[in-house]
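**Q** Let me see the structure of the following:
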Amino acid sequence: MTHSQAPLVAVLDDEPEIRRMLVDALEEAGFRTSAYARATEFEAGLKRCQPDVCLVDLGLPDRDGLALVHRLALESGAAIIIISGRAQVQDRVTGLELGADDYIIKPFDPAEVVARIRARLRRPRSEAAPAAQVAVFAGWKAAFDRYVLIDAHGAETPFSHAEGEVLRLFLESPNRLISRAQMQESLGGAAGESFDRAMDVRISRLRTKLCEDPKNPRLIKTIYGAGYIFLGEVRWT
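**A** Got it, this is the predicted structure:
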């Protein structure tokens, strides 16, 4: 892989020492980087070049970090990893609920950040459709290149990168039980309460976007104590 083909990681943190430490570790690991101290600079940079991964500190001087994460999740195809000194479980759960893919607590080892980024970029794909970007199922199309669901009438509903990871996991394994442990292994992130809560929220949002009856969903079924199963035929194009 040439340097120009290496994944681009955008770093947003107002502490110069942390920015330098992350940039040095990432570039040594073979990533390209762009670093920003303020949210306004970061957002301007996104208009020039779309990163593969965004590392976002929540304690920003000019913007609410969680609000920024939520907007990135809805509008960007990048994986989003929060880096924060907020160590409470509820802070982690909130960040994941708003669309972040992972949450790293300060202080941290730069090697851990590199490992987490590689895990986010190493998302498995089924052998049947390794490069497919559009799935057709039950009157819907899921366009993963644009992060939108398209209904039978052509109306589009956006989904976040994090929601898209869960949806693709289901669509690549239809009519098969997927346990929580399998989801954690496939999607990455630390197992535990925050991961389980984040999965519940993402699945609930997917059901809403797919116009599912929350009391009796027809596509994404919960098998209590075991996991989830996606019911339906899926065709990749």
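
**Q** who touches the host helix or strand of I18?
**A** Per DSSP states H and E, I18 falls inside helix 16-28. Contacts to helix 16-28, defined as Cβ atoms under 8 Å, 6 or more residues apart in numbering, come from residues 9, 11, 13, 33, 35, 37, 55, 57, 83, 106, 110-111, 113-114, 117. Bear in mind the C-beta positions are built from the backbone N, C-alpha and C, glycine included.

**Q** redo that, cut-off 10 Å
**A** With Cβ atoms under 10 Å, 6 or more residues apart in numbering as the test, helix 16-28 has contacts from 3, 6-9, 11-13, 15, 31-37, 53, 55, 57, 83, 106-114, 117.

**Q** which residues in the chain form strands?
**A** Secondary structure of the chain, counting by DSSP state E: strands at 8-12, 32-36, 53-57, 79-84, 102-105, 134-137, 140-143, 148-150, 156-158, 177-178, 220-223, 227-230, 235-236.

**Q** quick one: the residue lying closest to N175 once chain neighbours are set aside and R92, what's the gap?
**A** Leaving aside its chain neighbours, N175 sits nearest to L231 (6.3 Å; criterion: Cβ to Cβ, 6 or more residues apart in numbering). According to Cβ to Cβ, to the nearest Å, L231 and R92 sit 31 Å apart.

**Q** Around T33, count how many other residues there are.
**A** If you count neighbours by other Cβ atoms under 10 Å, T33 ends up with 20.

**Q** what sits against it?
**A** Going by Cβ under 10 Å, 6+ apart, the list of residues near T33 reads 6-11, 19, 22-27, 51, 53, 55.

**Q** For T208, state which of those is nearest.
**A** Comparing the contacts of T33 against T208 with Cβ to Cβ places V53 closest, at 27.0 Å.

**Q** Wait, the closest one touches A100, no?
**A** No. If you go by Cβ atoms under 10 Å, V53 and A100 don't touch, sitting 11.4 Å apart.

**Q** okay, those two: which has more neighbours?
**A** Shown here are V53 and A100; by other Cβ under 10 Å, A100 has more neighbours (28 against 24).

**Q** Now the helix holding I18: average pLDDT?
**A** The predicted model gives helix 16-28 an average pLDDT of 96.

**Q** Let me have the strands of the chain in TSV, extended by mean pLDDT.
**A** Below are the strands of the chain laid out as TSV (pLDDT from 0 to 100):
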stretch	mean pLDDT
strand 8-12	96
strand 32-36	96
strand 53-57	94
strand 79-84	90
strand 102-105	87
strand 134-137	96
strand 140-143	96
strand 148-150	94
strand 156-158	91
strand 177-178	91
strand 220-223	91
strand 227-230	92
strand 235-236	94
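
**Q** okay, those in JSON lines with distance to R207 next?
**A** Formatted as JSON lines, those follow (distance: least, Cβ to Cβ, whole Å):
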{"stretch": "strand 8-12", "distance to R207": "31"}
{"stretch": "strand 32-36", "distance to R207": "35"}
{"stretch": "strand 53-57", "distance to R207": "27"}
{"stretch": "strand 79-84", "distance to R207": "22"}
{"stretch": "strand 102-105", "distance to R207": "23"}
{"stretch": "strand 134-137", "distance to R207": "14"}
{"stretch": "strand 140-143", "distance to R207": "12"}
{"stretch": "strand 148-150", "distance to R207": "12"}
{"stretch": "strand 156-158", "distance to R207": "12"}
{"stretch": "strand 177-178", "distance to R207": "15"}
{"stretch": "strand 220-223", "distance to R207": "6"}
{"stretch": "strand 227-230", "distance to R207": "11"}
{"stretch": "strand 235-236", "distance to R207": "21"}
